[in-house]
Structures are given as structure tokens and as C-alpha cells.
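S.K.: Using only what follows, build the 3D model:
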Amino acid sequence: MKIPLGVLLPESQADKQNIQKFLSDDSYVITVGDRTTEKMINFDLIPSLQIIDGQEKRKKREPPKIANAVELTVDNPAAEITQQCIDIIKKALDMKPPVRISVNGEEDLLVLPVCVHAPENSVVLYGQPNEGLVIVEITPQIRNKTQTLLDSME
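M.R.: Residues are numbered from 1 along each chain as shown. The predicted model follows:
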């Protein structure tokens with residue numbers, strides 16, 4: 001995931017005002033990553049779906065605090081995307097938000113199935129290490145691109 005799937009906001013510009021430019025009132029906001037999820041919660045922009053793994057740059061960390069989220073747990077080894085993960089993402093997208101998926105393992109690549117299965121009005125946010133925040137508006141083109149990437153991993 002070296003090449004961002006969407007707009008890369010440099011770290012210095014990843015503030016609430018700039019992020020909100022990409023969101024509408026009915027956006028279904030999805031975050032992948034602990035730091036990105038925490039940032040959005042701190043901005044009081046509560047993600048509908050949050051995917052975390054309790055790590056940041058491969059180091060253990062406290063998961064972001066949130067009240068009232070339904071919590072799901074799944075195992076996913078580093079550098080993989082299991083069918084179980086895809087199934088739980090689909091399930092989470094059908095639940096009443098906010099929903100948090102806690103991953104035992106690594107959540108980085110889960111951006112791909114999220115982009116494939118997210119509803120039309122979704123905006124996916126994830127961190128690009130040492131660069132900033134990537135904001136992906138879900139379009140048919142993004143779905144096709146991420147499906148192709150997923151297919152190439154099988």
C-alpha cells in the first residue's frame with residue numbers, strides 16, 4: 001500500500017477542517033488504523049466503522065477510547081487478508097453504527113476489502129506512515145481497483 005488509494009493529506013494539514021471538506025452530512029465514515037481512528041474521535045467525527053489492531057508502526061498501544069460502539073474481534077495475520085476478515089467487514093457494514101473491529105494481528109491491508117464492500121456514500125480514512133492521512137471516496141473506479149488488487153493477492 002505504498003501508493004495512496006485516494007487523496008493524501010500531509011500530516012501538518014490533517015486537521016478537522018481539512019478532513020471535513022471530504023465529508024458530507026450523510027457520509028459513512030470508515031477508519032482503518034488506531035491513530036486515524038483516535039484522530040477522528042478526538043475531532044468528534046465518530047467513524048461509523050473503525051478497524052484497529054492495538055498497534056501503531058508495529059508497536060503496541062492503547063486502543064482509542066469510544067463509548068457505545070459494538071465491538072467485533074477477528075484474527076488476521078500480518079500481510080494477509082483472511083476470508084473471516086472479509087466476512088466480518090460485510091457483517092459490520094450491515095450493523096447499526098458505530099461498529100469497531102478489533103484485529104488480532106494486523107489491519108493494514110483491510111483497507112482493500114473495506115473499499116470493495118463499503119456503501120456508496122462511504123469515505124475511508126487510513127494513515128500513510130510518516131506522510132499523512134489518506135482519504136478515499138468510494139466510487140465504482142475505487143471498487144474495481146481494490147477488487148483487482150485483492151484478486152492479485154489470492
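
S.K.: who touches the one residue sitting closest to the centre of the chain in this structure?
M.R.: Closest residue to the average C-alpha location of the chain: Val32 at 2.4 Å, with CA atoms, centre = their mean. Neighbouring residues of Val32 by CB atoms under 8 Å, 6 or more residues apart in numbering: Ile51, Glu107, Asp108, Leu110, Val111, Val114, Val124, Leu125, Tyr126. In short, each C-beta sits where N, CA and C put it, glycine included.

S.K.: Over to Glu11?
M.R.: Glu11 neighbours (CB under 8 Å, 6+ apart): Glu131, Gly132, Leu133.

S.K.: Poorly predicted segments of this structure, please.
M.R.: Applying pLDDT under 70 to the chain flags residues 1.

S.K.: what about the strands in the chain?
M.R.: Taking DSSP state E to define them, one finds strands in the chain at 7-10, 28-32, 49-52, 55-56, 59-60, 70-76, 99-105, 122-128, 132-137.

S.K.: any idea which of the ones you listed is most buried?
M.R.: When you average the neighbours per residue for each of these (mean count of other CB atoms under 10 Å), strand 49-52 leads with a mean of 28.

S.K.: Name every strand pairing with that one and say which way it goes.
M.R.: The strands beside strand 49-52 in its sheet (DSSP bridges) come out as strand 28-32 (parallel), strand 99-105 (parallel).

S.K.: chain center to the helix ranked longest in the chain, what's the gap?
M.R.: For the chain, the helix that runs over the most residues, judged by DSSP state H, is helix 140-153. On the basis of CA atoms, centre = their mean, to the nearest Å, helix 140-153 sits 16 Å off its chain's mean C-alpha point.
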